Structure formats: structure tokens, C-alpha cells
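Enquirer: Give the three-dimensional model of this entry:
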Amino acid sequence: MTKHTFDFSQAIASGSNPHDYFGRVTIGDPLIAGDLLLRYADSIIAKHVDLSNLQSEPSQFFGPADPIRGPKEVKLDVPYIACLHDKEWKSEVLIVSEHKSAPNLYCPLQLGVYALLSLYRRWTDAGRPSSRRKLKLPIPIMVLLYCGEEDLPDGVICFQDMFEHIPDELKPLVPQFFLVVINLRKFHYDSLPGKPETQAVVETMKRAFDGTLAEHLPDVLGRLTTIPIDDRILDLIANIAWYSDRVTDIVPEKIIEAVTNVVKGKEGVEMAEMIKNGIYQQGIETGEVRGQLKGKVETLLAFLYAKFKSVPKEVTDDISMMTDPTALDSLVALAATCTSIDEIAKALK
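Expert: Predicted coordinates for the structure are as follows:
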């Protein structure tokens, strides 16, 4: 247990929406990602792709290099390489996936850019050959994992949907590809498919948006009592506890109780104490910073309401979740000069 310090500073410093951060760190586990794609995605994927041995895909870079930070890095929640079941072709599959807590029309653009950058990197690394005999590119499959308050259609989202109108005769000339949508809203708590750890992740996401996570945290973690509690599961428990603290009003005692019901004995008590310290001690140390963040958020929202009279709920939710003071300062400056709330919404993406 001594190596599990459960330091959540990276989560807080990232400035990410807690929903998206939780999706990234949990589905970043290839065993959970593979099981999720196997049990929740379109069955055609599992029919043709071996999801049992996913390999992480490196980050991609694009755009001019910043003189201090270097080139901009493209990071997605679940970029993996897999293989086809049909060994005769020896083909790889690039699985590009992103977790979203709110619908976004431009997801095909986001995932498409990542997939193309990955393929382009392979082509350039191979010396830009002109023949498939010298380079066999992986087959790209793009997946959108969605769990949010608003409805999102099942099935697929296509690239051409981003455009307001395409004349029928032009459609064959416009690039077209599809995103597979995994809409977690349609799955019921009493019949969640997959391994216990996958079920725990999915239930955590769903209950966070239902507003029932604090009440049902013991049930969520209880799904893990049927499997060995190794280091991977310990990290998952810690991430679920952190996420519960960030998106609910749960008290420390409830988290400790839920954790010790899963990890028994002295080990469970030690782990619960480390998780509590990781979450709450850090909260004490950064209390002043959080107070400043809250003040910036409230000031920005008040200004937007005064200027535009009406602010979409998605915008207010995204701003309320922000933990990066520099990004908030940038939004304040933008709010002073922008002419529509759409400019703020665009900057939040």
C-alpha cells in the first residue's frame, strides 16, 4: 500500500472538466477500454477487431511550435492500436475514441484530425512511400463515448452532418466518415454489461449525471468486491472517490465507508485514509486558490448574464467546472470584447 499515495494534483492542475478527466483516466486502462468496446459498442467492431490486447497510441502534434511550450499536442481519451481477427491480412486497427459529457457537433472533426495525423505520421516515418507494399496503414475506427444530460441519437454521427447544407450533387465529392456512438444513457443500472470494473466506471458516469452518485457510491464500488483488488483496481477506486468528491456533495465519511466496504481490514483503512488525505488535505492546501477560482467564475457568469441576458446551460456548466485560473482570465478578457455568447461557447470547446 505504501506506493499508493493517491496524489490528485495532476487532476486538479489539468484544468479539465471532471467528467472528461474521469473518462480519460479510467478508459485509459486498455482492459476497461477493450471491454467497453466489446460490450457497449456496435457489435460489428468486436466481430472483426481483437479487443483483448489494445496497445496505446502515442500523442500527435500539429500546428506551429510555441517558442516556450513547443508544438501543440493532440490528446484524446482512448487512442489504441488493435488487430483484425482475420490474421491472414495482418492488418492493424487504429481506434480513436473520445469521451464527451455534452453533445458536440464537431466531434467528427476532432477525431478525424487525430486519425489523419496518426496515419500521416506513419506515412512520413516510413519515408512517404507510394505503394502499400512498403507501408500498410492501420484501419481507422472512431468512437464517441457519451454520458450527459442531453439526449444524443444512437448509431453513428457522420462528418457531413457538420455542414449546414450540401447540395446532393456535391455530396459524393465531400469527404465522408462516421463516428460510432456509445450512448451510456440507454443502459440500465441493473443490467450493465461487461466486467465489474467496466460496470463500475459506467455506473459512476451515469450516476454523476443522474445526481445519485453520492447516495449510491457503496453500490458502485460494491461491484468490485467480486474481483481481486490489485494495483489497477486500487487506482480505479481512488479515481472514483476523487470524481465523487468533485461532482457531488458527498462527505469524507461516506467515501471512507464505501472504500473500506470493498478493501477490507487494515489495508482498507490505510487506503481510505490516503484517499481522504489526497482529496481533502490537498483541498485545504489549495483552499485559497479554489476561493479565487470561485470568485472568477462568479464574476464571469455575472458579466455574461448582464451583457447577453441569457446564457446557455452548457456554457454555465462548463464555466462552473473550470479549474484553470489562466483560462478563466482569458475568458474574462474575451467576454469584454465579444459580440455574442457563441464566441464564449466556442472558446470553451
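
Enquirer: C-alpha only now, for contacts and for neighbours.
Expert: OK.

Enquirer: Report the helix or strand with the lowest average pLDDT across the chain.
Expert: Within the chain, confidence by mean pLDDT, DSSP states H and E is lowest for helix 282-285 among all helices and strands, at a mean of 45.

Enquirer: The helix or strand following that one packs against which elements?
Expert: Note on helix 282-285: by DSSP states H and E, the next helix or strand toward the C-terminus is helix 287-308. When contacts are defined as 3 or more C-alpha pairs under 8 Å, 6 or more residues apart in numbering; DSSP states H and E, helix 287-308 packs onto helix 313-320, helix 325-337.

Enquirer: So which of these is nearest residue 37?
Expert: helix 313-320 (27.3 Å; C-alpha to C-alpha).

Enquirer: Report the inter-axis angle for the closest one versus helix 287-308.
Expert: 150 degrees (axes from the mean of the first three to the mean of the last three C-alpha atoms, to 10 degrees).

Enquirer: what about dumping the CA coordinates of helix 313-320 to CSV?
Expert: Presented in CSV, the C-alpha positions along helix 313-320 are these (Å, rounded to 0.1, in the frame of the first residue of the first chain):
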residue,chain,number,x,y,z
LYS,A,313,-26.8,25.9,-19.6
GLU,A,314,-24.0,24.1,-21.3
VAL,A,315,-21.9,27.3,-21.2
THR,A,316,-22.6,28.0,-17.5
ASP,A,317,-21.9,24.3,-16.6
ASP,A,318,-18.6,24.4,-18.5
ILE,A,319,-17.5,27.6,-16.9
SER,A,320,-18.5,26.4,-13.4
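
Enquirer: I would like the residues contacting it, please.
Expert: With contacts defined as C-alpha atoms under 8 Å, 6 or more residues apart in numbering, helix 313-320 is touched by 17, 102, 297, 301, 344-345, 348.

Enquirer: Is it correct that residue 145 is in contact with residue 103?
Expert: No. If you go by C-alpha atoms under 8 Å, residue 145 and residue 103 don't touch, sitting 10.4 Å apart.

Enquirer: And those two? Which one has more around it.
Expert: residue 145 (23 against 16; other C-alpha atoms under 10 Å).

Enquirer: Tell me what the more buried one is bridged to.
Expert: Per DSSP bridges, the residues bridged to residue 145 are residue 99, residue 182.

Enquirer: List the residue ranges of the stretch 101-250 of the chain that fall below the pLDDT cut-off.
Expert: 153-155 (pLDDT under 70).

Enquirer: can you give me the strands for it?
Expert: All strands of the stretch 101-250 of the chain, identified by DSSP state E, counting those that start in this stretch, fall at 139-146, 155-158, 178-183.

Enquirer: Make JSON lines from these and add distance to residue 246 to it.
Expert: Output for the strands of the stretch 101-250 of the chain, formatted as JSON lines (distance: least, C-alpha to C-alpha, whole Å):
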{"stretch": "strand 139-146", "distance to residue 246": "19"}
{"stretch": "strand 155-158", "distance to residue 246": "30"}
{"stretch": "strand 178-183", "distance to residue 246": "23"}
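
Enquirer: Of all the ones you listed, which one is nearest residue 322?
Expert: When the strands of the stretch 101-250 of the chain are compared (using C-alpha to C-alpha), the closest one is strand 139-146, at 19.8 Å.

Enquirer: Work out the gap between the closest one and the centre of the chain.
Expert: Distance of strand 139-146 from its chain centroid, counting by C-alpha atoms, centre = their mean, to the nearest Å, is 13 Å.

Enquirer: What would it look like as PDB? C-alpha coordinates only.
Expert: Provided in PDB are the C-alpha atoms of strand 139-146 (Å, rounded to 0.1, in the frame of the first residue of the first chain):
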ATOM      1  CA  ILE A 139      -7.700   0.900 -40.500                       C
ATOM      2  CA  PRO A 140      -9.200   3.900 -38.500                       C
ATOM      3  CA  ILE A 141     -12.400   3.500 -36.400                       C
ATOM      4  CA  MET A 142     -13.700   6.500 -34.500                       C
ATOM      5  CA  VAL A 143     -15.800   6.100 -31.400                       C
ATOM      6  CA  LEU A 144     -17.700   8.700 -29.300                       C
ATOM      7  CA  LEU A 145     -18.400   7.700 -25.700                       C
ATOM      8  CA  TYR A 146     -21.200   9.900 -24.400                       C
END
